[in-house]
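*Asks:* Give me coordinates for this.
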Amino acid sequence: MKKTIHVSLFLAAVVCLSGLAHSAPVSKGIHVGNAGAFTGDAAAPCNEIFNSAQIAVDEWNARGGIQGVKIEHVMGDDAMDPAQGVNVAHKFVADDLMYGVVGPPMSHIAQATLKIYGSADLVTITTAASKPELTEQGYKHFFRVNARNDAHGWNSALFIKNYLKAKRVAVLNEKVAYCENMSKETLAGLEKLGITDIMQETIVGGAKDYSPVLTKVKAFKPDVLFFIATTAPDQAIGVRQAKELGIDAVFFGTEGARDKKDFIEASEGAAQGAYVYHFAPDIYSIPEAADYVRKYENQYGVLSGFGPPAYEAMNILLSAIDKAAQDGDISRKEVLQYVSQTHGYQGILGFPITFDPKGDLAGGATYFFQVEGQDFKPITVMTGQ
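*Replies:* Residues are numbered from 1 along each chain as shown. Purely as a prediction, here's the structure:
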């Protein structure tokens, strides 16, 4: 009986201490996390995400931090591996001074870590994870500053039909959550628009050779090849091998292809004229973003399209932490509450950010670009019409 009492008291103490660990004086410190694939084929866009979030942290610290306390920005590398993503989530949750996370940017990692972050009331704001189901499971801690795949898929179908004027479409998709879902949403959109002459095949990310499936594509003779892969290096191989095989189709890549070095340069000229869609606008056309762009290019070099939403997400997170810290004490639940109240936030993306009750971005759009020289030329923006 005594043993049972001791065990019960011990468990109660653990629960109590755990609760207290998530509420502490601001003076003890403020940590914010950044979860992403900072090594491997997706390192370039993910490091752009981290560096952009770091600019926001640096700006806050230059103004004195929060309540006079400097903010520490902590990197958590998942290398696109769900198991490593889980390790990162556990590490961040165990850090009593961690009050929010930017990321993960990939849907399959976000899915693997939802419960871990959610059970600890630790806010995560993704900049790119777009699988619709992520915000359909009842979790209250997960937010996104990007549109969902059900928007991107429909908009991409509209773009293929109305802008590219395609009648025959080949869709190749990698077997991971984001790509499979994007393929599903686009195929449904194409069929709804009356395009039924469709070839659909799967590919393996990191395969280095897509010629077997591209040979099938050549025989199909599509007007458009929609290449749904996660990373820019895979997209570069796809567009280069399609050209080498003499495939006479418009190459249309996904958001991962919007990388000047790993897609345009790596394609060795094959990407010229190719199209890509993306979840972020042309940042160079937005006056409010000029200072961010200058700082990024001066500190880190070439800027593609992945960083601006991360700068926005980190500022939203830090604004919520700042509000939670006004009374000198801070907790994760307070931060979550203030993030969920984000409405009409005006930053550098050229549109106001509002989170709906599910944590989704209200009124998100899909942005389309064409490769021209060594850059991406904005073509059009679609919002479902």
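*Asks:* secondary structure class for Ile330?
*Replies:* Secondary structure assignment for Ile330 (DSSP: H, G, I helix; E, B strand; the rest coil): strand.
*Asks:* Let me see the contact set for it.
*Replies:* Ser23, Ala24, Pro25, Val26, Ile30, Tyr99, Ile321, Ala324 (C-beta atoms under 8 Å, 6 or more residues apart in numbering). Yep, even glycine has a C-beta here, placed from its N, CA and C like the rest.
*Asks:* and Tyr338, how many neighbours does it have?
*Replies:* Neighbour count of Tyr338, defined by other C-beta atoms under 10 Å: 18.
*Asks:* So which other helices or strands are in contact with whatever helix or strand it lives in?
*Replies:* According to DSSP states H and E, Tyr338 maps onto helix 332-340. Contacts defined by 3 or more C-beta pairs under 8 Å, 6 or more residues apart in numbering; DSSP states H and E place helix 332-340 against strand 98-102, helix 307-324.
*Asks:* Just name the most buried of these.
*Replies:* Burial of the helices and strands packed on helix 332-340 is given as mean neighbour count (mean count of other C-beta atoms under 10 Å); strand 98-102 ranks first at a mean of 28.
*Asks:* Contacts for that strand next, please.
*Replies:* In contact with strand 98-102 (C-beta under 8 Å, 6+ apart) are residues 30-35, 49, 53, 74, 76, 92, 117, 122-127, 310, 313-314, 317, 320-321, 324, 330, 332, 335, 339.
*Asks:* Map the structural domains onto the sequence of the chain.
*Replies:* Domain segmentation of the chain under automatic domain parsing yields 25-147+286-354, 150-278+367-382.
*Asks:* what's the closest of these to Leu361?
*Replies:* Smallest distance to Leu361 across these (C-beta to C-beta): 5.6 Å, for domain 25-147+286-354.
*Asks:* Could you list the low-confidence segments of the protein?
*Replies:* Across the chain, the ranges flagged by pLDDT under 70 are 1-22.
*Asks:* returning to what we had before: want to try TSV for the domains of the chain, with distance to Asp360 as columns?
*Replies:* Output for these, formatted as TSV (distance: least, C-beta to C-beta, whole Å):
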stretch	distance to Asp360
domain 25-147+286-354	5
domain 150-278+367-382	9
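*Asks:* Note down every partner strand of the following helix or strand past the helix holding Tyr338 and its orientation.
*Replies:* Following helix 332-340 in sequence order, the next helix or strand is strand 366-372 (DSSP H and E). Neighbouring strands of strand 366-372 in its sheet, by DSSP bridges, are strand 275-278 (antiparallel), strand 375-382 (antiparallel).
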